[in-house]
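[1] Let's see this in three dimensions:
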Amino acid sequence: MRHSLFGAAIAIATALSPAFAQATDIRFTLGWKTQGSDAPFLLALSKGYFAEEGLNVTIDQGEGSAATVTRIMGGAYDAGFGDINAIIQNAAQRPGEAPVMVYQLWNRPPFAIVTPKSSGIETVADFEGRTLGGAQGTPTTRLFPVFAELNGVDITKVSQENMAPNLQEPMMIRGDIDGAFVFTITSWFNLIANRQDPAADYNWFQFEDYGMDLYSNGLMVSQALLAENPDAVAAMVRAVNRATLEVAKDQDAAMEAIMAFDNLVDPEIERARLNFALTNLMNAPEADEIGMGDLVDERLTRSIEIVAQGYGLERLPDASEIFDRSFLPPVEERRFAVEIMN
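    Numbering: from 1, shown residues only. Below you'll find the model as predicted:
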């Protein structure tokens, strides 16, 4: 009899209280192996911000920021941290299937060409007659022809060598190549790992400084989740926004969350990588006006045109196919101020 009464009480409580409502399962993929720049998602997980929003989020490591898009499109994941330019590429080729960005985190791109100062390359014109190396298919490599055209570089005079990403810095250090097509947030720390000084001994030709004003990584969700559970999308955006603002002010809490998720990472390197993301990839001037998570439609439209040119896309998707701001909290709740804690 007591069991029956207890069961009835639970049933009543379940019907009346949101606390007893079943959480929505979300399968989430990171962009790569655990890194400091993943802090907003890992902090939202460890501090229970997802759970407070009624979400049961499972986070897996990734295989590349472009692979986040294909993982979501394949149905293995509902959401992830990945590159908006990969969304553009897939949306052009498979309309209505590509995921949609709902919270833009990296409002500046990590795409760059890095050269040793000892190479004597001081301007983009100096690329002519030299050899640059990069991994085939990465945005930096694929978009170099557009970079060259915009900046008057004769691409026929630039030798390009394909190689695995992990070989770029070692080959550049040995002098086998004169520069590399890289992601700054990766290459900077690869050079440090190779006992190099990336600030003092290398020149960084960042695409954004040469007419390639692109966006990059952020929170994206599947078409299915958008259609079937928009409330869950809004809840996830709220949790990530809350965590992002906290990470900007408290890197100690961010690192605790990262180490709780993966205690095999190097805390010193990943703290530095987090600070790099905060100060180099998440601080576009536009964020002061529109807040973290949003973007400028006109800039996104220009980005779509650049990506279409670089990837030879036959169709230009509309900006509304790529980014959906309808889930963002009010701008006053997305004010972003970085306080670096060393």
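[2] Which residue is the nearest non-sequential neighbour of L264?
    Among residues not flanking L264 along the chain, T34 sits closest, at 8.0 Å (C-beta to C-beta, 6 or more residues apart in numbering). In this view, the C-beta of every residue, glycine as well, is placed from N, C-alpha and C.
[3] swap in L191?
    The nearest residue in space to L191 (C-beta to C-beta, 6+ apart) is P198, at 4.4 Å.
[4] ok, the one you found - how many residues close by?
    17 (other C-beta atoms under 10 Å).
[5] Just read off the phi/psi values of it.
    P198 adopts backbone torsions of phi -70, psi -30, taken as degrees, to the nearest 10.
[6] The host helix or strand of Q89: what's the following helix or strand?
    Per DSSP states H and E, Q89 falls inside helix 84-93. Where DSSP H and E defines the elements, the next helix or strand beyond helix 84-93 is strand 100-104.
[7] now the angle between helix 84-93 and the next helix or strand after that next one, please.
    The C-terminal neighbour of strand 100-104 among helices and strands, as given by DSSP H and E, is strand 111-116. Interaxial angle of strand 111-116 relative to helix 84-93 (axes from the mean of the first three to the mean of the last three C-alpha atoms, to 10 degrees): 130 degrees.
[8] Output strand 111-116 as PDB, nothing but the C-alphas.
    Output of strand 111-116 as PDB, limited to C-alpha atoms (Å, rounded to 0.1, in the frame of the first residue of the first chain):
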ATOM      1  CA  PHE A 111      43.400  31.200 -41.000                       C
ATOM      2  CA  ALA A 112      46.900  32.400 -41.700                       C
ATOM      3  CA  ILE A 113      50.100  31.800 -43.500                       C
ATOM      4  CA  VAL A 114      53.100  31.600 -41.200                       C
ATOM      5  CA  THR A 115      56.700  32.100 -42.300                       C
ATOM      6  CA  PRO A 116      60.000  32.100 -40.400                       C
END
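[9] Use 805 as the first number from now on
    Sure, I'll start numbering at 805, so the last one becomes strand 915-920.
[10] Against which helices or strands is it packed?
    Counting contacts by 3 or more C-beta pairs under 8 Å, 6 or more residues apart in numbering; DSSP states H and E, strand 915-920 is packed against helix 943-946, helix 972-978, strand 983-987, helix 988-997, strand 1006-1010.
[11] which one of these is the most hemmed in?
    strand 983-987 (a mean of 26; mean count of other C-beta atoms under 10 Å).
[12] residues making contact with that one?
    914-920, 923, 925, 931, 934-939, 942, 944-945, 948, 972-973, 975-976, 991 (C-beta atoms under 8 Å, 6 or more residues apart in numbering).
[13] That strand: partners in the sheet, and parallel or antiparallel?
    The strands beside strand 983-987 in its sheet (DSSP bridges) come out as strand 915-920 (antiparallel), strand 935-938 (parallel).
[14] among those strands, which is the most enclosed?
    strand 915-920 (a mean of 24).
[15] model confidence over that one, on average?
    Strand 915-920 shows a mean pLDDT of 98.
[16] what's the answer for stretch 1124-1136, then?
    The pLDDT scores in stretch 1124-1136 average 97.
[17] end-to-end on that stretch?
    End-to-end distance of stretch 1124-1136 (C-alpha to C-alpha, to the nearest Å): 23 Å.
[18] List the buried residues in it.
    Using 16 or more other C-beta atoms under 10 Å as the test for burial, stretch 1124-1136 gives 1125-1129, 1131-1132.
[19] now stretch 834-852
    If you call a residue buried by 16+ other C-beta under 10 Å, then stretch 834-852 has these buried ones: 834-836, 838-851.
[20] One more: stretch 1075-1091?
    1075-1082, 1085-1088, 1091.
[21] pLDDT of it, averaged?
    What stretch 1075-1091 shows for mean pLDDT is 96.
[22] Now do it: distance to the chain's middle.
    Here the centre of stretch 1075-1091 is set off from its chain's centre by 11 Å, with C-alpha atoms, centre = their mean, to the nearest Å.
[23] and if you look at stretch 852-872?
    The chain centroid and the centroid of stretch 852-872 are separated by 13 Å, computed with C-alpha atoms, centre = their mean.
[24] buried ones in that stretch?
    Along stretch 852-872, these residues count as buried under the neighbour rule (16+ other C-beta under 10 Å): 853-854, 857-859, 861, 863, 866, 868-872.
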